[in-house]
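Asks: With the sequence up front, the predicted model follows.
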Amino acid sequence: MSEGDRSPALGGSPEPKSRITKWLIFVGAVVMLAGLLFGYDQGVIGGALSGIEKTFNPSTAVVEIITSWVTLGALFGALVAGTMAERLGRRMTVIWAAVLFTAGALIESLAPSTTVMVVGRLVVGFGVGIASLAAPLYAAEMAPTRLRGRFVSMYQLAITFGILFADIVDELLSSGTQWRIMLGISVVPGILLVLAMVPLPDSMVWYTKVGQLDKAANAIRKVRPDEDVGADLRDIRDSLSGAQASWREVFSSRWRAPLVLGVGLAIFQQFTGINAVIYYSDKIFAAAGFSTPQQQTAATTWCIGVVNVLATFIAVAYVDRLGRRPLIFAGLIGMGLSLLALSLSFRHLARIATASSPGTNNPSDAGVFTLVAMIVFIASFAFSLGPVVWTVINEIYPTAVRGRGVAIATAANWGAAWFVTRFFLTLVDWVGESGAFLIFAIVCAITYVFVWKLQPETKGRTLEQIQQIWTTKAAAHHKARS
Ligand code: BGC
């Protein structure tokens with residue numbers, strides 16, 4: 001969310017209704033393309049792995065590195081993206097992210113060895129991380145206030161579409177060495193993203209920050225033609241004046257509660273296992289008895305990809321009506337129970353595998369049970385921790401520390417995602433699928449308690465009211481200690 005936020009719901013003055021201009025549609029297209037690339041680059045590796053393994057015959061550790069280093073690249077990308085967006089502007093930062101996506105996809109698809117492949121994965125990841133900060137920031141600053149939430153949600157929805165698109169490509173191309181095409185396809189949306197971005201102006205907030213007020217006014221006229229340009233510029237200037245907190249201040253005891261909440265949510269979102277399921281779904285389905293690559297990718301497409309997209313719409317519809325806490329609680333219960341079911345089902349499968357001779361090509365009852373549990377898990381995540389965590393991260397920080405707070409939480413999310421994808425197969429070697437899913441289920445329970453204790457309901461509260469919660473808490477804490 002932008003530092004120049006002026007929604008009535010967020011504590012600013014009421015805003016007139018805004019027309020959707022062609023420029024705004026362009027902004028929407030850019031955001032969707034960036035989300036699509038994020039989801040695609042993340043999802044495609046699941047189906048490409050078996051082909052890569054056939055070509056290079058890598059060890060388990062190298063497979064984990066190929067899978068997870070996009071995330072590591074994204075962590076560093078997110079960390080530098082804040083500075084890039086300030087120095088180069090939001091627009092150039094998104095263009096750089098798109099160039100990196102494209103270059104990385106080319107390196108991956110032409111890789112003659114696993115070392116080059118890992119370099120390509122890092123470059124793609126760097127682009128993903130930069131875009132994960134710059135694209136929603138650009139969208140939030142460009143969109144008229146009343147459309148801001150929808151624009152940022154479109155980004156998360158596009159991520160799930162990207163993952164689904166990757167699943168479909170995986171399913172169509174899952175045989176032989178077509179993994180090179182799978183990884184190379186993202187060159188197309190990468191180039192489209194650069195082309196879509198070129199005619200667009202930078203955000204009015206960035207132009208104002210660097211003193212280019214004429215350009216800021218032009219940007220407002222283009223994307224918000226119904227608004228009072230002078231008033232908009234004044235609001236942006238006012239909101240910027242209090243927005244320069246130092247790194248020290250971000251970590252001060254005054255803002256410790258929102259920092260712990262944001263970073264905690266970002267880490268728990270990953271430690272409940274979502275990306276283990278997304279990245280390794282084919283392997284999980286293989287272990288559940290879906291023996292052919294076609295069966296595995298079909299299960300991944302329909303159980304993971306489509307359900308992930310559809311259930312995200314539930315969150316978009318209900319997050320402002322039911323509130324953040326109820327959605328997270330309901331989602332965590334669904335995720336926890338389905339993870340327990342997965343754990344039991346894999347225990348059962350392990351027993352069958354040791355007791356019986358090789359079976360047919362069809363999944364057993366336990367395999368079908370696994371499928372249902374995976375559907376419940378992904379749906380529960382998609383209407384809760386998926387979109388709601390990003391919503392909360394973007395609304396709990398006071399204006400003065402928001403940029404840096406969101407950057408720290410985003411980097412923590414990528415770090416946790418990297419950790420899970422890097423060590424999931426090692427964990428499975430160590431405690432089996434059953435044990436791994438049991439650990440994720442326990443993390444769901446811990447997350448429930450964490451949210452119960454630390455997360456206030458933010459639905460319908462202005463940012464100032466949310467900020468007030470932390471000030472009151474810090475004052476009470478201080479009083480109790482003195
Ligand atoms: C998470 C990603 C995850 C995606 C799945 C996002 O909210 O941050 O790590 O892969 O949801 O849809």
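Replies: Received it, and whenever you're ready, just let me know what you need.
Asks: which stretches of the stretch 51-200 of the chain form helices?
Replies: 60-87, 90-110, 114-142, 145-172, 179-184, 187-197 (DSSP state H, counting those that start in this stretch).
Asks: Between those helices, which one is closest to residue 411.
Replies: Across the helices of the stretch 51-200 of the chain, residue 411 has its closest neighbour in helix 60-87 (4.7 Å, Cβ to Cβ). From N, CA and C alone the C-beta is placed, and that goes for glycine too.
Asks: And the ligand, is that closest one touching that?
Replies: No - contact check for helix 60-87 against the ligand, using Cβ under 6 Å from any ligand atom: none in range, with a minimum separation of 8.3 Å.
Asks: Pick out the shakiest of the helices of the stretch 51-200 of the chain, pLDDT-wise.
Replies: In terms of mean pLDDT, the lowest-scoring of these is helix 145-172 (a mean of 78).
Asks: Quick one: name the residues of the stretch 1-150 of the chain near the ligand.
Replies: Counting by Cβ under 6 Å from any ligand atom, the residues of the stretch 1-150 of the chain near the ligand are residue 42.
Asks: ok and the residue in the stretch 1-150 of the chain nearest the ligand?
Replies: residue 42 (5.7 Å; Cβ to the nearest ligand atom).
Asks: How many neighbouring residues does the residue of the chain found nearest the ligand have?
Replies: Of all residues in the chain, residue 386 sits closest to the ligand, at 4.1 Å by Cβ to the nearest ligand atom. By other Cβ atoms under 10 Å, the residues close to residue 386 number 21.
Asks: Do I have it right that it meets residue 314?
Replies: No - when contacts are counted by Cβ atoms under 8 Å, residue 386 is not listed as touching residue 314 (10.5 Å).
Asks: returning to what we had before: got the contact list for the residue of the chain closest to the ligand?
Replies: Listed by Cβ atoms under 8 Å, 6 or more residues apart in numbering, the contact set of residue 386 reads 156, 160, 269, 274, 308, 312, 315.
Asks: cool, residue 23 as well?
Replies: Per Cβ under 8 Å, 6+ apart, neighbours of residue 23: 200, 222, 223.
Asks: My guess is the first one contacts residue 29. True?
Replies: No - contact status for residue 200 versus residue 29: not in contact, 9.6 Å apart, counting by Cβ under 8 Å.
Asks: where does the stretch 351-482 of the chain have low pLDDT?
Replies: Residue ranges of the stretch 351-482 of the chain with pLDDT under 70: 351-363, 399-400, 403, 462-464.
Asks: Return the most buried member of the helices of the stretch 51-200 of the chain.
Replies: Per-stretch averages of neighbours, counted by mean count of other Cβ atoms under 10 Å, single out helix 114-142 among those, with a mean of 25.
Asks: how big is the angle separating that one from helix 187-197?
Replies: Counting by axes from the mean of the first three to the mean of the last three Cα atoms, to 10 degrees, helix 114-142 lies at 30 degrees to helix 187-197.
Asks: about what we covered before: mind checking how far the host helix or strand of the residue of the chain closest to the ligand is from the chain centre?
Replies: Assigned by DSSP states H and E, residue 386 belongs to helix 385-395. Relative to its chain's centre, helix 385-395 lies at 10 Å (Cα atoms, centre = their mean, to the nearest Å).
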